[in-house]
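# This is a predicted model, with the sequence first.
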Amino acid sequence: MEESSTRTEEMENVFNLNNKTPGDEGDDEDLSDSEDSVFSGLEDSGSDSEDEEEGEEEGSHEEEDLKDDQILQPEKKKGGLTAEEEKKEDEYRQDSSDEEKIFKPIRNKDELDEFLDKMDNPDYWRTIHDKQTGSDIILSDDQVALVNRLQRGQFGDLHFNEYQLRRDAAPVTNRPADKRSFIPSLVEKEKVSKLVHAIKMGWIKPKRHEEAGGRFYDLWANEDCTTSLARLKMHLPAPRAPLPGHMESYNPPPEYLFTEEEKALWEQQDVSDRKCPFVPRRFSSLLQVPAFPRFLHERFERCLDLYLCPRQRKLRSVAWNPNASLSLLAVALDSMVLVLSPSLADKQIVSASERLLAGPQGAEPAEEAGPVTWTDTEGEELNQGIRLKIQHPKPVQQVAWHAKGDYLASVMPDHSSHLQVFIHQVSRRRSQNPFRKNKGLVQCVSFHPVRPYFFVATQRSVRIYNLVKQEMTKKLQANSKWISSMAVHPGGDHVICGSYDCRLSWFDLDLSTKPYKMLRHHKKAVRGVAYHRLYPLFASASDDGSVIVCHGTVYNDLLQNPLLVPVKVLRGHVITHDLGVLDVTFHPSQPWVFSSGADATIRLSPRAVMEESSTRTEEMENICRTVRTACSQDWRILGVTARMKRRERRRDHMKKKI
């Protein structure tokens, strides 16, 4: 303890040398001769000689320069070590003028102490060790920012702008710009004139960027003679290869693995009769899976399928028989109409359907109507439910049933032929063409639900024919460019038509041949329309991907017009190739809407459509009541007179019909 106290006193005396007063200098007995001379010079303040002062100043400057050189260039000792390295070896350092030993601070930290200091000390990351003093220094925020700027290659001074414009007060050269620097070049003018002349003469043809549009072909060319034209119009993409299933996994479930009996049966079967072309195997890891031995064989079979298997584009239409006592289905498959009996109803209904398809016993075979042929099915097709085949000369686009379920109409749109519409009688297997000449391109047909009327929709109008009298009774003008679809109200007195110019027309057959109301709530072409059999609902499908359900109330009073109220907009189909919802239909007994879209999906609407339609109808009726009560007596008189005139017109019209 005594030694440590003496050491601390000595170090305090060393550090306090510079703070001593001139009076205390005489008391220090241990000063060296050089120091005595220095202090003696300080004490001799009464000297007036200027030469001595100048000599002392020069000596002090030289000593300072020598000290700076010693700091910048470490002195080499005899052992080959620098002063800094020697200080590391010694346990003390000499800094005092009297060569007293100043001991270094003790640094006996090991790696564990460093780690603990690193975890506990929050300023560890900004602490550095000074080799000159042997102490730790904590950097300030400004010093840390300076280090970061220097590491990023930036200037140490934050306010220094290296991109500042420098303007010389006396520039070396200040020559003005040449005249040719702001005058167009005559040489370039001659080159441009030569290129323009070559382009005009056709010697140089500039590059034309091909437009990334669709490929066009001649509409009026003959398809039978030109195979390339048929390829363009009837191009079908190749079907994709089926994705691998669980059986082809390297670790399939146990139910997919073959037993010994199944494996023996698989080996005995012919290659064409095998359901699976390989035997499933199990591996513990993916690294143990060997190379696929059937790779070339599988690729070869894929090429054969693409090269030899034909691909066809088939126009299809499906229609259920509206008669509840029959269970029949008509499907338009290319140029063939198939009549199916799905056998999904009661036994009595299924037997009645089979009797209708078999025809009356002892009846004479009907004469074939030229281009249409009837054939029965046998074997595999009969087991699949197909009962009859009706062959047509052209592809069939639509099929429609009569309300009784015995008659069937088919549509084949073709400008060059008068065989666009056929009416088939299933019980007698008879077909007939009701029109000698079709006025326009037939789009769709429909039967009247009660009367013997036949509706034929062309591009711009709807013709109504009386099948008993074999004459046209009415011609409805749709006021649209191209009719796309048509539907007849279950009562038979109203018709709606959809068109490709985004319009929906409601016709009142007892009122006029022009539309009673035009609805334009769709943004794109209307593809399909439908009525509900039981509820006062109708729907329309469009290419904008929406199905709009409306409430259409038809009153028994002939003097009151129908009430049309939009109910709900149903969305969900994805627009594919600029096509949205292609068709729409209602459930025969429930307030459900089925829609089919170009995204290859069939969607069912919720039951909330009927609830929302009832609320909307009540709101509209309340509005009508308030408007009627707010009208004055004069308007009531005018309304009564208008009703009387309309009633007289209806009476005259009914008398003419009778």
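In hand now; what should we look at? Residues are numbered from 1 along each chain as shown.

# Okay, D544 and R603: tell me how far apart.
15 Å (C-beta to C-beta, to the nearest Å). Where you see a C-beta, it was placed from the backbone N, CA and C, and this is true even at glycine.

# With R175 instead?
Counting by C-beta to C-beta, the gap from R175 to R603 is 80 Å.

# Between the two, which has more neighbouring residues?
R603 (17 against 6; other C-beta atoms under 10 Å).

# wait, doesn't that one sit right on W592?
No: using C-beta atoms under 8 Å, R603 is not in contact with W592, being 10.6 Å away.

# Tell me which stretches of the stretch 551-658 of the chain form strands.
563-571, 581-586, 593-597, 602-604 (DSSP state E, counting those that start in this stretch).

# which stretch among those comes nearest Q269?
When those are compared by C-beta to C-beta, strand 602-604 sits nearest Q269, at 37.8 Å.

# residues making contact with that closest one?
Outside of strand 602-604, the residues within contact range by C-beta atoms under 8 Å, 6 or more residues apart in numbering are L570, G572, H573, W592, V593, F594, S595, S596, G597.

# By neighbours, which of the residues you listed wins?
S595 (26 neighbours).

# list the contacts for it?
S595 touches A541, V547, L570, H573, V581, D583, V584, I602, R603, S605, counting by C-beta under 8 Å, 6+ apart.

# what residues are up against the fourth one?
Meaning H573. When contacts are counted by C-beta under 8 Å, 6+ apart, H573 touches G545, G580, V581, S595, G597, A598, D599, T601, R603.

# Just the terminal-to-terminal distance for stretch 398-412.
8 Å (C-alpha to C-alpha, to the nearest Å).

# now it: mean pLDDT?
Stretch 398-412 comes out with an average pLDDT of 90.

# can you confirm L195 is in a helix?
Yes: L195 forms part of a helix when assessed by DSSP: H, G, I helix; E, B strand; the rest coil.

# Chain neighbours aside, what residue packs nearest to it?
I204 (6.8 Å; C-beta to C-beta, 6 or more residues apart in numbering).

# residues near the one you found, how many?
12.

# Give me the pLDDT for it.
In this model, I204 is scored at 89, pLDDT.

# Pull up the gap between it and E190, please.
For I204, the distance to E190 - C-beta to C-beta - is 16 Å.

# and which of the contacts of strand 602-604 is nearest P413?
Of those, the one sitting nearest to P413 (C-beta to C-beta) turns out to be S596, at 20.2 Å.

# Was I right to think that closest one contacts L579?
No: at 11.0 Å, S596 does not count as touching L579 under the criterion of C-beta under 8 Å.

# and stretch 489-499, how far apart are its ends?
18 Å.

# now stretch 151-169
35 Å.

# Please identify the buried residues of that stretch?
By neighbour count on 16 or more other C-beta atoms under 10 Å, the buried set for stretch 151-169 is empty.

# got the buried residues for stretch 249-265?
Buried-residue list, stretch 249-265, by 16+ other C-beta under 10 Å: P252.

# Run through who's touching that stretch.
Counting by C-beta under 8 Å, 6+ apart, H246, M247, W266, V279, P280, R281, R282, F283, S284, L286, V289 sit against stretch 249-265.

# how about a markdown table for the strands of the stretch 551-658 of the chain, with mean pLDDT and distance to D305 added?
Converted to a markdown table, the strands of the stretch 551-658 of the chain look like this (pLDDT from 0 to 100; distance: least, C-beta to C-beta, whole Å):
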| stretch | mean pLDDT | distance to D305 |
| --- | --- | --- |
| strand 563-571 | 87 | 38 |
| strand 581-586 | 90 | 29 |
| strand 593-597 | 89 | 28 |
| strand 602-604 | 87 | 28 |
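
# So for Y531, which of the ones you listed sits nearest?
Using C-beta to C-beta, the strands of the stretch 551-658 of the chain put strand 581-586 closest to Y531, at 7.2 Å.

# just to revisit the earlier point, identify whichever of the strands of the stretch 551-658 of the chain lies nearest to N383.
Per C-beta to C-beta, nearest to N383 of the strands of the stretch 551-658 of the chain: strand 602-604, 26.3 Å.

# Pull up the pairing partners for the closest one, direction included.
strand 593-597 (antiparallel) (DSSP bridges).

# Strand 581-586 and the strand it pairs with, what's the angle between them?
Using axes from the mean of the first three to the mean of the last three C-alpha atoms, to 10 degrees, the inter-axis angle of strand 593-597 relative to strand 581-586 is 160 degrees.

# what's the angle from strand 593-597 to strand 563-571?
Using the same axes, to 10 degrees, strand 593-597 lies at 50 degrees relative to strand 563-571.

# before we move on, the earlier item: which member of the contacts of strand 602-604 is positioned nearest P342?
Distance to P342, by C-beta to C-beta, is smallest for F594 among these, at 17.2 Å.

# got a list of what the closest one touches?
F594 neighbours (C-beta under 8 Å, 6+ apart): V584, T585, F586, H587, I602, R603, L604, S605.

# Just give me the closest of the residues you listed to H424.
Nearest member of the contacts of F594 to H424, counting by C-beta to C-beta, is T585, at 21.9 Å.

# Could you give the bridge partners of that closest one?
F594.

# what's the answer for H129, then?
D136.

# who touches both of R603 and W592?
Contacts common to R603 and W592, judged by C-beta under 8 Å, 6+ apart, are absent.

# Give me the mean pLDDT for stretch 294-307.
The model assigns stretch 294-307 a mean pLDDT of 87.

# Now do the SS call for R180.
Applying three-state DSSP: R180 is helix.

# can you count the residues close to it?
9.

# Spit out the contact partners of A324.
A324 neighbours (C-beta under 8 Å, 6+ apart): none.

# Do you have the helices of the chain handy? List them.
2-15, 33-43, 50-72, 83-89, 111-120, 141-151, 186-201, 227-233, 260-268, 295-308, 347-358, 380-383, 608-630, 633-657 (DSSP state H).

# Most neighbours among the contacts of F594, which one is it?
V584 (29 neighbours).

# from memory that one sits against V529, does it?
Yes: applying C-beta under 8 Å as the test, V584 and V529 come out as touching, 7.3 Å apart.

# tell me, what's touching those two both at once?
Here V584 and V529 share the contacting residues A539, S540, A541, scored by C-beta under 8 Å, 6+ apart.

# May I see these arranged in JSON lines, with distance to L340 and neighbour count as well?
Converted to JSON lines, the shared contacts of V584 and V529 look like this (distance: C-beta to C-beta, whole Å; neighbours: other C-beta atoms under 10 Å):
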{"residue": "A539", "distance to L340": "26", "neighbour count": "27"}
{"residue": "S540", "distance to L340": "29", "neighbour count": "24"}
{"residue": "A541", "distance to L340": "25", "neighbour count": "31"}
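
# where in this protein is pLDDT low?
For the chain, applying pLDDT under 70 flags the ranges 1-106, 171, 210-235, 311-316, 360-370, 606-647, 649-651, 653-658.

# does Y407 have beta-bridge partners, and which?
Here Y407, judged by DSSP bridges, has bridge partners Q425.

# how far away is it from V337?
13 Å.

# Tell me which stretches of the stretch 401-550 of the chain form strands.
407-411, 421-425, 430-432, 444-447, 453-457, 461-466, 471-477, 483-488, 494-499, 504-508, 517-519, 526-531, 537-542, 546-553.

# So for R149, which of those strands sits nearest?
Closest to R149 of those is strand 546-553 (C-beta to C-beta; 61.3 Å).

# which strands and helices sit next to the closest one?
strand 537-542, strand 563-571, strand 581-586, strand 593-597, helix 608-630 (3 or more C-beta pairs under 8 Å, 6 or more residues apart in numbering; DSSP states H and E).

# Fine by me, we can end here.
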